[in-house]
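Peer 1: build me a model from this:
(2 chains)
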Protein chains: 2
Amino acid sequence: MKKVSAEKLGRFVGDVLASCGVDSSGSEAVSQSLVQANLRGIDSHGVRLLPTYAESADKGGVNKHPKINVKQTFPSCCCVDADNGFGAAAGFRAIDECIKIAENQGIGIASVINSSHCGYMAAYTLRAAAKGYMAFSFTNTGSAMLSYNGTKKYIGTNPICFAAPREESDPFCVDLATTARTYNSVELARLTGSKLDEGHYADAQGEITTDPWKSAMLLPSGGHKGFALGMMVEVLCSTLSGMAFGPHTVPMYGPNSDPANKRQICQTYVVFRPDFCIPADQFKRSLQQMTDEVRSQPAHEGKHVMMPGDPEINFVVQRSQHGIPLDDSTWLELTKLGEKYGVLLPPIVSDQD
Amino acid sequence: MKKVSAEKLGRFVGDVLASCGVDSSGSEAVSQSLVQANLRGIDSHGVRLLPTYAESADKGGVNKHPKINVKQTFPSCCCVDADNGFGAAAGFRAIDECIKIAENQGIGIASVINSSHCGYMAAYTLRAAAKGYMAFSFTNTGSAMLSYNGTKKYIGTNPICFAAPREESDPFCVDLATTARTYNSVELARLTGSKLDEGHYADAQGEITTDPWKSAMLLPSGGHKGFALGMMVEVLCSTLSGMAFGPHTVPMYGPNSDPANKRQICQTYVVFRPDFCIPADQFKRSLQQMTDEVRSQPAHEGKHVMMPGDPEINFVVQRSQHGIPLDDSTWLELTKLGEKYGVLLPPIVSDQD
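Peer 2: Down below sits the predicted model:
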């Protein structure tokens, strides 16, 4: 495990993408989204994605110089055309447009069309929360979830993300896939030779499996409820924006993926003021009180009751101080990228093998 | 099981509440919400609630003549004061205000303060979907959910409801509690002497139980994910509106409930246009295509892949034709109410004991 500073890692990501020919808006947005994910402990959405991202930019799947176009179609709505650039660039732009709308109108919604993988959803909602707003982010993803009662997949891991500002603590943040688990856990189990936990994965025939080599689909979280929420996210993204849906989207990984293909997935963002009923200070104080009460609830032995997003807040404290740990496989990939694009690797602040 | 027509049952509910002194707006709204729940097969939120509702109106917990006040604080936001009347009356009013805002602004949000139990959430989102809009409804509820990792409850079953219009089929509708199960299943198991299904209920000490007589709390759906979504709903309702939250709300049932107490819970509604990126017709056609594809997916033997809300749509077809079945205990309660308020019971269209 090599540890590097968030700042230096961010610069490395930005420099690699810049060398790859990505414009500054795209390089900065992706760098910010990937490193924030690592900083918050969500390594599945961190710099481990950089090789895939760089390859997509290289091979034409992602437009390196998109002309992001914002069309305000109603006073509180806009349609953001990502022009097939990085989802992160369009995501920050869309959330900023929503914030601008919400400031005057109270609430704003933006759908992003012709987008790509947008990475760490919390990056966008947290930007709004840091400015004192409440926000939702939704994205559809490549087909991955075993349909409830079915033997095949249709929709993806379709996550829901929500954030709101608090008085003292970092913003409240809910960020979850509507599948019970993610593909990341399958990859990890393959690497470590361990079994998958029971009841959350299916093989290609739709039968439950704990064998990571047989796992081909992810079960919805909470059975029909996760399937319903995933379908809701699909409607909020692909149907609302008129893009491809479910299995018609272009996959990111697997035999049918191709870094030269535009992924055609999409995101929807909603931002609103917390002060249309009560003053903003009262809102933040009330959420802080709720936070303090939940955190001090009695727990089962050896456990703690936490607010959603608390593990991520703890990671930020640790990793800001001690650096972001990168596993050997990720480090190797970053080394190759550094060599290919002539960018120096971030200095190692600690190396514990 | 006695079966009665939806129309006659609705009239009975309205007449009982009118005799109880509830104004026409409240009687009609509650009647519509309860009977729609029964018609769609969600009997837990049907006329079985009428005795509790009538008692609250009788004892002062619910204001029979509320002056619902709508304050538009930003062009796309309003704060609806339910004046402690029935949650259903405020719910329909709030969704109508949101629709009015969304028509011109594209999206509208309303928080309802000083509200009460709002019953069947889908009644409100479906009203918006029937008019061609997409909608969310959220409500906090009395404390009921075992906190993740904890031994006590904090938030309630805090449901999420979402609806969107489709080309042919009835609107798409997601309607779910963020707990894995509801109290209704506990009551049913007590009545029938059966065990609860494994892993979804806890006793007063926070230990998992399958004994309906020991069940005191409900587990979140999908573990930490259901807890996170429930907390999100809590923030969207109580924190946003500045009302009591979590265990500070007034319970509806149990030793600490009192029909003379104002419940002080609250709801948040969001309505938006489906046509700010693409024409409305294209949206509806696309959602219809997705619906048709999902419904025809291969399923495990004896099962079907359904869209969220499909079971409810099937219930509407059956129950519109054959009547709404009422169990003996509900029928007895309605009989008592009819006698107390001098209202004739709806005629029985079929009686299968």
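Peer 1: now do the buried residues in the host helix or strand of residue A:124.
Peer 2: Secondary structure assigned from DSSP states H and E places residue A:124 in helix A:122-130. By neighbour count, with 16 or more other C-beta atoms under 10 Å in any protein chain shown as the criterion, the buried positions of helix A:122-130 are A:122, A:123, A:124, A:125, A:126, A:127, A:128, A:129. In short, each C-beta sits where N, CA and C put it, glycine included.
Peer 1: do stretch A:57-74 as well
Peer 2: A:57, A:58, A:61, A:62, A:63, A:64, A:66, A:68, A:70, A:72, A:74.
Peer 1: equivalent analysis for stretch A:218-233, please.
Peer 2: Buried residues in stretch A:218-233, counted by 16+ other C-beta under 10 Å: A:218-223, A:225-233.
Peer 1: helix or strand right after the helix holding residue A:124?
Peer 2: Next along the chain after helix A:122-130, taking DSSP H and E as the criterion, comes strand A:134-139.
Peer 1: which elements pack onto that next one?
Peer 2: Counting contacts by 3 or more C-beta pairs under 8 Å, 6 or more residues apart in numbering or on different chains; DSSP states H and E, strand A:134-139 packs against helix A:87-105, helix A:122-130, strand A:160-164, strand A:265-272.
Peer 1: give me the residues contacting it.
Peer 2: The set of residues external to strand A:134-139 that reach it, using C-beta atoms under 8 Å, 6 or more residues apart in numbering or on different chains, is A:87, A:91, A:95, A:98, A:118, A:121-122, A:124-125, A:127-129, A:158-165, A:233, A:236-237, A:265-274, B:235-236, B:240.
Peer 1: could you do stretch A:337-353 as well?
Peer 2: Under the contact criterion C-beta under 8 Å, 6+ apart, stretch A:337-353 has outside partners A:1-5, A:8-9, A:11-12, A:15-16, A:19-20, A:50-51, A:54, A:322-323, A:334-335.
Peer 1: could you redo the last one with a cut-off of 10 Å?
Peer 2: Residues outside stretch A:337-353 that contact it (C-beta atoms under 10 Å, 6 or more residues apart in numbering or on different chains) are A:1-21, A:47, A:50-51, A:53-55, A:58, A:322-326, A:328, A:331, A:334-335.
Peer 1: against residue A:276, how distant is the residue lying closest to residue A:178 once chain neighbours are set aside?
Peer 2: Excluding the flanking residues, the one nearest residue A:178 by C-beta to C-beta, 6 or more residues apart in numbering or on different chains is residue A:230, at 3.8 Å. For residue A:230, the distance to residue A:276 (C-beta to C-beta, to the nearest Å) stands at 30 Å.
Peer 1: residue A:78 in helix, strand or coil?
Peer 2: For residue A:78, the secondary structure call by DSSP: H, G, I helix; E, B strand; the rest coil comes out as strand.
Peer 1: that one touches residue A:99, doesn't it?
Peer 2: No. Under the criterion of C-beta atoms under 10 Å, residue A:78 lies out of contact with residue A:99, with a separation of 11.7 Å.
Peer 1: comparing the two, which residue is more hemmed in?
Peer 2: Taking other C-beta atoms under 10 Å in any protein chain shown, residue A:78 and residue A:99 do not tie; residue A:78 has more neighbours (24 against 21).
Peer 1: and the pLDDT for that one?
Peer 2: At residue A:78 the predicted local confidence, pLDDT, stands at 98.
Peer 1: thinking again about what came up before, need the buried residues of helix A:122-130 in JSON lines (columns: pLDDT).
Peer 2: Supplementary listing: the buried residues of helix A:122-130 in JSON lines, determined by pLDDT from 0 to 100:
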{"residue": "A:122", "pLDDT": "98"}
{"residue": "A:123", "pLDDT": "98"}
{"residue": "A:124", "pLDDT": "98"}
{"residue": "A:125", "pLDDT": "98"}
{"residue": "A:126", "pLDDT": "98"}
{"residue": "A:127", "pLDDT": "98"}
{"residue": "A:128", "pLDDT": "98"}
{"residue": "A:129", "pLDDT": "98"}
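Peer 1: any chance of those in TSV, plus distance to residue B:151?
Peer 2: Shown next, in TSV, are these (distance: C-beta to C-beta, whole Å):
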residue	distance to residue B:151
A:122	29
A:123	35
A:124	35
A:125	31
A:126	31
A:127	36
A:128	35
A:129	30
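Peer 1: so where's the stretch 151-300 of chain A shaky on pLDDT?
Peer 2: For the stretch 151-300 of chain A, applying pLDDT under 70 flags no range at all.
Peer 1: where exactly do the strands run in it?
Peer 2: A:160-164, A:172-176, A:201-202, A:217-218, A:265-272 (DSSP state E, counting those that start in this stretch).
Peer 1: which of these is buried the deepest?
Peer 2: Mean neighbour count (mean count of other C-beta atoms under 10 Å in any protein chain shown) peaks for strand A:265-272 among the strands of the stretch 151-300 of chain A, with a mean of 30.
Peer 1: for it, list the C-alpha coordinates in CSV.
Peer 2: What follows is strand A:265-272, C-alpha atoms only, in CSV (Å, rounded to 0.1, in the frame of the first residue of the first chain):
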residue,chain,number,x,y,z
ILE,A,265,-25.8,7.6,-20.4
CYS,A,266,-27.2,10.5,-18.5
GLN,A,267,-27.6,12.2,-15.2
THR,A,268,-30.3,14.3,-13.5
TYR,A,269,-29.5,16.9,-10.8
VAL,A,270,-31.9,18.8,-8.5
VAL,A,271,-30.8,21.6,-6.2
PHE,A,272,-33.1,23.5,-3.7
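Peer 1: could you check the angle strand A:160-164 makes with that strand?
Peer 2: When axes from the mean of the first three to the mean of the last three C-alpha atoms, to 10 degrees is applied, the directions of strand A:265-272 and strand A:160-164 differ by 20 degrees.
Peer 1: if we can go back for a sec, now, which of the buried residues of stretch A:57-74 sits nearest chain B?
Peer 2: Closest approach to chain B among the buried residues of stretch A:57-74 (C-beta to the nearest C-beta): residue A:74, at 2.8 Å.
Peer 1: what separation do you get for residue A:349 and residue A:326?
Peer 2: Spatial separation of residue A:349 from residue A:326 under the definition C-beta to C-beta is 11 Å.
Peer 1: check residue A:41 too.
Peer 2: Between residue A:41 and residue A:326 the distance, using C-beta to C-beta, works out to 13 Å.
Peer 1: next one: residue A:197
Peer 2: Using C-beta to C-beta, one obtains 25 Å as the distance from residue A:197 to residue A:326.
Peer 1: the more surrounded of the two?
Peer 2: Here residue A:197 and residue A:326 are set side by side on neighbour count (other C-beta under 10 Å), and the busier one is residue A:326, at 24 against 12.
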